[in-house]
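Colleague: could you work out the structure for the sequence below:
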Amino acid sequence: MNEHTKSSKFLFMAKSKVLVVGGTGYIGKRLAAASLAAGHPTYILLRREIGLDMDKLQILFELKRRGAHLIEGSFSDHQSLVDAVKQVDVVISAMSGVHFRSHNLMMQLKLVDAIKEAGNVKRFLPSEFGSDPARMLHSLEPGRVTFDEKMTVRKAIEEAQIPYTYISANCFAGYFVGNLSQMETLLPPKDKLFIYGDGNAKVVFMDEDDVAKYTIKTIDDPRAANKTVYLRPPENILSQRELVGIWERLTGKPLEKITISEEDFLARLEGAPYAVQVGIGHFYHIFYEGCLTNFEVGDDEEASKLYPEVDYIRMDDYLKRYL
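Modeller: Next up, the predicted model:
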């Protein structure tokens, strides 16, 4: 083997260096683990703002034990962010928080500024991992702010000409599957449950570890560059009634089903706390409008077609952990 061949082989096998921002969060820790499992040199931003949060610190130490590198940086210190970004090829933002809101928006925009100044990042994945915000501009207030702010970040990324991939991961199973999509619990109902409308709108349910696996697959893939990648594995596209049917077959126990009309469901908005109003709006678009599946992917990409080798978790297997 000549030197040129050796060099070419090395370049082909080289793995991108990945920085995960928000590596202690619900999806962030999974992204960091998936990056390590895929053989990427993986870096996690260690923020001084962690304060006295021992749980987050232990997550960081466990990821470090598994091979991750911790890089100190702060959103109150622009140069520290630039210095952190300069050490990697890919930046994935997974800053936690059920709702994006203004504080997280500000941090995301600061991260975009740091990536722009560093000038070396070949791919940026902003903190999205839910519904595609570009398709949710009609959504109900007050939940619409979630999507509006994500679109603000997208605009900043594209104006800065930063190469990107947007991940639309749809519904995390931990929040939508174990509870059979009930809003007030994370556990399966024992006797009865609410069915939204006719219960037949198709929804995409995703195991969170699979979200991370698919996401890491995209970072070196030219097919995913400057596109939205939708996570829509075909066997996980189910209606609420189909999901409930799986649970009933697993338990051998039928549940009483109480249907809620669109009008009655939206009536719950009045007087509800802010966070509940946001949740009601999101559930409405998912289970009444079918917003996750009522469109074609078009010029973007679907992950299970790009990466058929990923053996994703089906929801019947996911539900077995609740037995």
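Colleague: quick one: contacts for Ile246?
Modeller: When contacts are counted by Cβ atoms under 8 Å, 6 or more residues apart in numbering, Ile246 is found next to 238, 315-316, 319. For the C-beta atoms, the positions are set from N, CA and C on the backbone; glycine is no exception.
Colleague: in the longest helix along the chain, what's buried?
Modeller: If you go by DSSP state H, the chain has its longest helix at helix 101-118. Using 16 or more other Cβ atoms under 10 Å as the test for burial, helix 101-118 gives 104-105, 107-108, 110-112, 114-116, 118.
Colleague: straight-line length of stretch 220-230, end to end?
Modeller: For stretch 220-230, the first-to-last residue distance is 16 Å (Cα to Cα, to the nearest Å).
Colleague: so which residues make contact with it?
Modeller: With contact meaning Cβ under 8 Å, 6+ apart, stretch 220-230 is reached by 15-16, 90, 123, 132, 134, 163-168, 170, 214, 218, 297, 299-303, 306.
Colleague: from those, which land in helices?
Modeller: Using DSSP H to define helices, the subset of the contacts of stretch 220-230 located there is 214, 218, 303, 306.
Colleague: can you verify my assumption that the second one contacts Ile167?
Modeller: Yes. Distance between Thr218 and Ile167: 7.1 Å, which falls inside the contact criterion (Cβ atoms under 8 Å).
Colleague: filter the contacts of stretch 220-230 down to the buried ones, ChimeraX style.
Modeller: Buried residues among these (16+ other Cβ under 10 Å), as a ChimeraX selection:
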select :16,90,123,132,164,165,166,167,168,170,214,218,300,301,302,303,306
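Colleague: the helices in the stretch 201-323 of the chain, which residues?
Modeller: Using DSSP state H, counting those that start in this stretch, the helices found in the stretch 201-323 of the chain span residues 208-218, 240-251, 262-267, 274-287, 303-306, 315-319.
Colleague: mind checking which of the ones you listed is nearest Ser139?
Modeller: helix 274-287 (5.7 Å; Cβ to Cβ).
Colleague: which strands or helices does the closest one pack on?
Modeller: In terms of contacts (3 or more Cβ pairs under 8 Å, 6 or more residues apart in numbering; DSSP states H and E), helix 274-287 is packed against helix 144-159, helix 262-267.
Colleague: what does it rub up against?
Modeller: 98-99, 131, 136, 139-144, 146, 171, 181, 183, 196-197, 199, 201, 203, 240, 262, 265-266, 268-269, 272, 291-292.
Colleague: apply 6 Å and report the result again.
Modeller: Identification of contacts with helix 274-287 by Cβ atoms under 6 Å, 6 or more residues apart in numbering yields 99, 139-140, 142-143, 196, 201, 203, 268-269, 291.
Colleague: what comes up buried for that helix?
Modeller: Neighbour-count burial for helix 274-287, counted by 16+ other Cβ under 10 Å, picks out 277-287.
Colleague: and of these, the nearest to Lys257?
Modeller: Nearest to Lys257 out of the buried residues of helix 274-287 is Phe287 (Cβ to Cβ; 13.6 Å).
Colleague: and the gap between the closest one and Asp207?
Modeller: In this structure, Phe287 and Asp207 are 20 Å apart, going by Cβ to Cβ, to the nearest Å.
Colleague: picking up where we left off before, nearest to Ile44, out of the helices of the stretch 201-323 of the chain?
Modeller: Of all the helices of the stretch 201-323 of the chain, it is helix 208-218 that lies closest to Ile44, at 13.7 Å by Cβ to Cβ.
Colleague: in the closest one, what counts as buried?
Modeller: Within helix 208-218, the residues that count as buried by 16+ other Cβ under 10 Å are 208-218.
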